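1. pasting the structure only:
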């Protein structure tokens, strides 16, 4: 699954004390910033344009197909790959995310102070690519608030084709890429299975990569189906962007800014103001687990 990387510890925080929660897993898009930012809508528009102009899918079919693939496979990209469409992952991400109106995102000092005051490990867990994560966190002023990032590249590392020139059967490579092992052939089947939320397998992989105890980890996400899968994987769960609980959610947050009121146990046994000052004086480097 590629290099798991090394989490950098925040030395200012004494984690030896027994706490109810040891790690906080945060989705990023529409979780750390509101849906009203418009990035979600712009992203879907870019995906539809990619399908139309790059994959030459019939224009009348694009909107329906985009939505159906998202619902069935977790992301439209994963669905397109599953159907056998051939395109470069980096090219897709550059087209879909590279043209987003990131300028609509503004620094969020309130959220920054909340995150820095939390004594637990904090990790981003997103289906997005690394470049997109960098852009969003930088715009929000949160780039040094997380000790690790689990993103598209983490769960779907680039792999070299594995060929067996003497065996005519299809063999399975790491990452669920089918390889047609025909003599003289160097073609890897484009039917690649992308690992992403909301699959429980993806969430379990993230738990393993982050090396966390799910029973002591809180998972924040704006997607009801991601929350359901998170609960199935044994995580404590918080649906963000909703004041109503969804199946599998332990808590509901209308906004991520309401986290202190809804989950005071995160700060249990901590002297919040003093801890915050200590953490703010400590540089924390974010490590990408890819």
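-> Nice, I can see it. Small disclaimer: the values here were computed from a predicted structure and weren't measured.
2. What separation do you get for residue 81 and residue 251?
-> When C-beta to C-beta, to the nearest Å is applied, the distance between residue 81 and residue 251 equals 34 Å. No exception for glycine: its C-beta is placed from N, CA and C like everyone else's.
3. Looking at those two, which is more packed in?
-> Using other C-beta atoms under 10 Å as the criterion, residue 81 and residue 251 rank with residue 81 on top: 23 against 16.
4. Could you check which helix or strand contains the more buried one?
-> Secondary structure from DSSP states H and E places residue 81 in helix 76-82.
5. okay, now residue 77: neighbour count?
-> 24.
6. heads up, I number from 500, so please use that
-> Sounds good: first residue 500 from here, last item residue 576.
7. I figured it hits residue 694, correct?
-> No. Counting by C-beta atoms under 8 Å, residue 576 sits too far from residue 694 to count as a contact (11.7 Å).
8. So which residues make contact with the helix holding residue 580?
-> Where contact means C-beta atoms under 8 Å, 6 or more residues apart in numbering, the residues beyond helix 575-581 that reach it are 546, 550, 554, 565, 567-569, 571-572, 586, 588, 591, 595, 689-693, 695.
9. Just the buried residues from these, in ChimeraX please.
-> To isolate in ChimeraX the members of those that are buried, counting by 16 or more other C-beta atoms under 10 Å, one can use:
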select :546,550,565,568,569,572,586,588,591,595,691,692,693,695
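10. Now do the helices in the stretch 600-749 of the chain.
-> Here the stretch 600-749 of the chain has its helices, by DSSP state H, counting those that start in this stretch, at 608-616, 629-639, 651-654, 699-709, 723-731.
11. which one of those helices lies closest to residue 765?
-> Evaluated with C-beta to C-beta, the helices of the stretch 600-749 of the chain place helix 608-616 nearest to residue 765, the distance being 8.9 Å.
12. by contact count, what packs against the closest one?
-> helix 771-779 (3 or more C-beta pairs under 8 Å, 6 or more residues apart in numbering; DSSP states H and E).
13. quick one on the thing from earlier: from the chain's centroid, how far away is the helix holding residue 580?
-> Mean C-alpha position of helix 575-581 versus that of the full chain (C-alpha atoms, centre = their mean, to the nearest Å) differs by 16 Å.
14. pLDDT (mean, whole number) over it?
-> What helix 575-581 shows for mean pLDDT is 96.
15. which of the residues in it are buried?
-> The neighbour-count check on helix 575-581 (16+ other C-beta under 10 Å) flags 575, 576, 577, 578, 579, 580, 581 as buried.
16. and which of those residues is nearest residue 743?
-> residue 575 (26.5 Å).
17. Just give the closest residue to residue 548, not the sequence neighbours.
-> Residue nearest to residue 548 in three dimensions, not counting chain neighbours: residue 594, with 7.7 Å by C-beta to C-beta, 6 or more residues apart in numbering.
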